[in-house]
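**Q** sequence and predicted structure below; questions after.
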Amino acid sequence: MKRETITLDNVEGLPLSDAVRFGDLVFVSGMVAFGDDGAIVKGGIAAETRQTFRNIERVLAKAGSSLADVLKVTIILTDAADFDAFNAAYRALFPKSPPARISMVAGLTIDARLEVDVIAGVSGA
């Protein structure tokens, strides 16, 4: 199988790829809610959730995939009190047949309320 590195313009010399496509699977690195200006979006956990998944969508599209192809999601929240509001925003992204998921609370090294990574299939592959 062929291994393909997927990188947008935002890894800033970090030792990681935005994603790796291996065969019919795409493994997306942890994403946060960076907006176009390079800062974490304002507006709380719902706004961060939407922006984080927009960023994931961009990476998936470059790899030939989409949110509809997401199989597994890992969620890291920095505050357990955000769980219900996060779930409401997340439910809108995956209204039917949501992917498998794990959620946890932990500290992050940047000023974000959540980090998300996904594993997705590739449409039509």
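**A** That came through, no problem.

**Q** in this protein, which spans are helices?
**A** In the chain, the helices defined using DSSP state H lie at 44-62, 83-93.

**Q** pull out the buried positions in the first one.
**A** What that stands for is helix 44-62. By neighbour count on 16 or more other CB atoms under 10 Å, the buried set for helix 44-62 is 45-57, 59-60, 62. C-beta here means a position set from N, CA and C on the backbone, and glycine is covered the same way.

**Q** now render the helices of the chain as a markdown table, adding distance to residue 103.
**A** As requested, the helices of the chain are exported to a markdown table (distance: least, CB to CB, whole Å):
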| stretch | distance to residue 103 |
| --- | --- |
| helix 44-62 | 12 |
| helix 83-93 | 7 |
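
**Q** touching, residue 27 and residue 19? I think so.
**A** Yes. Residue 27 is within contact range of residue 19, at 6.1 Å (criterion: CB atoms under 8 Å).

**Q** those two: who's more crowded?
**A** The residue with more neighbours, out of residue 27 and residue 19, is residue 19; 26 against 16, by other CB atoms under 10 Å.

**Q** need the pLDDT of that one.
**A** What the model reports as pLDDT for residue 19 is 94.
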